[in-house]
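Asks: Need a 3D model of the following:
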Amino acid sequence: MSLPLQDKVIVVTGALGKIGFAAVRMFLARGAKVIANDWVTAEESPRMMELQAQYGPDRLLFVQADASNEDQVTGMFRQIREQFGRLEGSFHNSYTQNRKPVAEYTLEDWNGVIQGTLTSTFLISKHAILLMQESGGGSIVNTSSVLGVQPRAGEGAYGSSKAGINFLTQVIAAENAVHGIRANVIIPGDVKEPKPVSPAKAEELRKSTWLGRSGTPDEICELASFLLSDAASYITGSLYTIDGGIRI
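Replies: Here you go, the predicted model:
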């Protein structure tokens, strides 16, 4: 049974990405009012433009903003407050990745990944908390990665950022339960759009995951939908791995 999100105001970052777009589409279908955020314009995505035409500005507000820039994040939450007056949910997906050995990172490389991944999570969570406190509570869901719990060569900055998201979100849960705010983490494994993969990739996935395949964006968003819904009202500070049994 689909979990209703009727009339909940939810912000989704990374909204033009695989998981982010699937979330926007799913949450709208389940009755939410959605603020879709990405660092590029909605015009970059014909699919997002179609959703805007279908649901209209009362149900779907697209805000172009860099989630790692506090001035721009502040501006986005000002728009949310002005248009909807409240916030019940936040689903954060924005990240930056730069694969190379630690000894080859420049400080600029390192800071770029930390800023785009961990700092963006801090900023979106911070401003979501402030508006949720005014709104009487809410649910924060931050997207981490199996690379934040299973080390892999070349992912020093990204994995550290994702591990930081896990810890930060649990601290948020501890600090904000008194305000009726829950905070949880989704830890995805390999996620692909639902389309065929090459025979070589299919064999790789068969060997590397117990379920023998990639996950789909909708499968990740079903978990996010649950955690944002009232059905998860007694869940906070938890880390949910959804990876098909992947072994890196």
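
Asks: Name the surrounding residues that touch the longest strand anywhere in the chain.
Replies: For the chain, the longest strand by residue count, based on DSSP state E, is strand 181-188. Strand 181-188 has contacts (C-beta atoms under 8 Å, 6 or more residues apart in numbering) with 19, 125, 129, 132-133, 137-146, 148-149, 165-166, 169-170, 172-173, 176, 215, 220, 223-224, 227, 232-233, 235-243. Just so you know, the C-beta spots here come from the backbone N, C-alpha and C atoms, and that holds for glycine as well.

Asks: Next, the buried residues of the helix or strand encompassing Gln52.
Replies: Using DSSP states H and E, Gln52 maps to helix 46-55. For helix 46-55, burial by neighbour count (16 or more other C-beta atoms under 10 Å) applies to 48, 51-52, 55.

Asks: Please list the residues outside the helix or strand following that helix that contact it.
Replies: Later in the chain than helix 46-55, the nearest helix or strand by DSSP H and E is strand 60-64. When contacts are defined by C-beta under 8 Å, 6+ apart, strand 60-64 is touched by residues 15, 24, 28, 33-42, 48, 51-52, 76, 79-80, 83-84.

Asks: where exactly do the helices run in this structure?
Replies: 18-29, 46-55, 70-84, 107-114, 120-135, 156-176, 199-208, 217-228 (DSSP state H).

Asks: want to throw the ones you listed into JSON lines with distance to Val191 and mean pLDDT?
Replies: Shown next, in JSON lines, are the helices of the chain (distance: least, C-beta to C-beta, whole Å; pLDDT from 0 to 100):
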{"stretch": "helix 18-29", "distance to Val191": "6", "mean pLDDT": "97"}
{"stretch": "helix 46-55", "distance to Val191": "17", "mean pLDDT": "96"}
{"stretch": "helix 70-84", "distance to Val191": "25", "mean pLDDT": "98"}
{"stretch": "helix 107-114", "distance to Val191": "19", "mean pLDDT": "97"}
{"stretch": "helix 120-135", "distance to Val191": "18", "mean pLDDT": "98"}
{"stretch": "helix 156-176", "distance to Val191": "14", "mean pLDDT": "97"}
{"stretch": "helix 199-208", "distance to Val191": "12", "mean pLDDT": "84"}
{"stretch": "helix 217-228", "distance to Val191": "6", "mean pLDDT": "97"}
